[in-house]
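*Asks:* Fold the following.
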Amino acid sequence: MFHGFTSARLEVPGAAINLRWGGKGPPLLLLHGYPETHVMWHKIAPTLAERFTVVCPDLRGYGDSSKPADGDGHYNYSKRAMAGDQVAVMKQLGFPRFQLIGHDRGARVAHRLCLDHGDSVERVALLDIIPTAEVFARTDKRLATYYYHWFFLIQPNELPERLIAGAVDHYLDSIFRSLGGNRNVFTPEAQAAYRRSMRDPATIHATCEDYRAGASIDLEHDAADADRRIRCPLLVLWGASGVVGRLYDPLAIWRGKAVNVQGRALPCGHFLPEEAPAETLAALTDFLQA
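*Replies:* As a prediction, this is how the structure comes out:
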């Protein structure tokens, strides 16, 4: 995987970020989601690298990036802190401005990055999410059933951590099933990477903190910025058979949060780059500017 890419570990304020980067052309930052790592991009990153300089980091708390202490009010796992990491990474690599793609939790980091560091982002694609505050505001029995992990992971420290640690592989399989993914689309190499990462107790705790922040300090930040919009062009993609596609009208929701929105459903569940790599790649390359 990632043939021709270079591995690096960069120190940024408050964290050390593991990443792979490669290719040539304009800089493009790819942010992964839960419960994965940067490996989730392995089916499309090499092709994107033919036109772009592609940077694929592990978010803080995930994969081989560091797992900082929680911080006051879960701040160290806020999307604000995570977004700051990525801006610092790109500046160290010599890219003060870049295009941005985020999936799942990485898309939530990308949303915050566009609000806090809008001058850094030329274009952004958000894959299979609606805004965090909208998820909580619209929660009903259907959403809680599909997104049960949102409410499980925010429970007090050690309850979800201990339960996940007792059955990591089974837990990961249940997440992939509940989000509409066909386990057969995940390559053996990718599955091994996700399992290796999640078997680390520090990763389990850090990723719980990501969700605890999402249900607390992130909502505070979002409320303070409720009237602000993403200013750069925004592409929204979602899986037609996933939770977002079945429960919501993503374009209508995002048009309340950005000034220039386009997008469509793809024939898959939640994990677009792994379930429908050709369709995802086509949609992204049509949108991105090389």
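*Asks:* contacts and neighbour counts: CA atoms only from here.
*Replies:* Noted.
*Asks:* pretty sure Val55 is in a strand, no?
*Replies:* Yes. The assignment for Val55 (DSSP: H, G, I helix; E, B strand; the rest coil) places it in a strand.
*Asks:* wait, isn't Leu30 in contact with Phe98?
*Replies:* No. Look at Leu30 against Phe98 with Cα atoms under 8 Å: they stay out of range, at 10.5 Å.
*Asks:* quick one, which of these two is more surrounded?
*Replies:* Using other Cα atoms under 10 Å, the more surrounded residue of Leu30 and Phe98 is Leu30, with 24 against 19.
*Asks:* That one: which element?
*Replies:* strand 27-31 (DSSP states H and E).
*Asks:* which helices and strands sit right next to that strand?
*Replies:* strand 53-57, strand 98-103, helix 105-116 (3 or more Cα pairs under 8 Å, 6 or more residues apart in numbering; DSSP states H and E).
*Asks:* Next, report how far the shortest one is displaced from the centre of its chain.
*Replies:* In other words, strand 53-57. With Cα atoms, centre = their mean, to the nearest Å as the basis, strand 53-57 stands 14 Å off its chain's centre.
*Asks:* Quick one: mean pLDDT for the strand holding Leu30?
*Replies:* Taken as a whole, strand 27-31 carries a mean pLDDT of 99.
*Asks:* by how many degrees do it and strand 53-57 diverge?
*Replies:* Calculated by axes from the mean of the first three to the mean of the last three Cα atoms, to 10 degrees, strand 27-31 forms an angle of 20 degrees with strand 53-57.
*Asks:* Can you tell me, leaving aside adjacent residues, what's nearest to Leu153?
*Replies:* Nearest non-adjacent residue to Leu153, counting by Cα to Cα, 6 or more residues apart in numbering: Cys208, 5.1 Å away.
*Asks:* how far away is that neighbour from Tyr194?
*Replies:* 15 Å (Cα to Cα, to the nearest Å).
*Asks:* Now do the strands in the stretch 101-250 of the chain.
*Replies:* Along the stretch 101-250 of the chain, counting by DSSP state E, counting those that start in this stretch, strands occupy 121-127, 234-239.
*Asks:* Ok, which of those strands comes nearest Asp218?
*Replies:* Closest of the strands of the stretch 101-250 of the chain to Asp218 is strand 121-127, at 17.4 Å (criterion: Cα to Cα).
*Asks:* What is the closest one packed up against?
*Replies:* When contacts are defined as 3+ Cα pairs under 8 Å, 6+ apart, strand 121-127 sits against strand 98-103, helix 105-116, strand 234-239.
*Asks:* Of those, which is nearest Ile204?
*Replies:* Nearest to Ile204, of all the helices and strands packed on strand 121-127, is helix 105-116, at 14.8 Å by Cα to Cα.
*Asks:* quick check: angle from that closest one to strand 98-103?
*Replies:* Counting by the same axes, to 10 degrees, helix 105-116 lies at 140 degrees to strand 98-103.
*Asks:* Give me the buried stretch members for helix 105-116, please.
*Replies:* Arg105, Gly106, Ala107, Arg108, Val109, Ala110, His111, Arg112, Leu113, Cys114, Leu115 (16 or more other Cα atoms under 10 Å).
*Asks:* Low-confidence regions, the stretch 151-290 of the chain specifically.
*Replies:* Where the stretch 151-290 of the chain drops to pLDDT under 70, the residues are 181.
*Asks:* Could you pull out the helices in it for me?
*Replies:* 159-165, 168-178, 188-198, 201-214, 217-224, 243-247, 250-254, 272-275, 277-287 (DSSP state H, counting those that start in this stretch).
*Asks:* re earlier: next one: the strand holding Leu30 to chain centre, how far?
*Replies:* 11 Å.
*Asks:* Mind listing the strands that strand pairs with, and their directions?
*Replies:* The strands that strand 27-31 pairs with in its sheet are strand 53-57 (parallel), strand 98-103 (parallel) (by DSSP bridges).
*Asks:* Skip ahead from that strand and say which helix or strand is next.
*Replies:* Strand 27-31 is succeeded, C-terminally, by helix 45-48 (DSSP H and E).
*Asks:* tell me the average confidence for that following helix?
*Replies:* pLDDT averaged over helix 45-48 gives 98.
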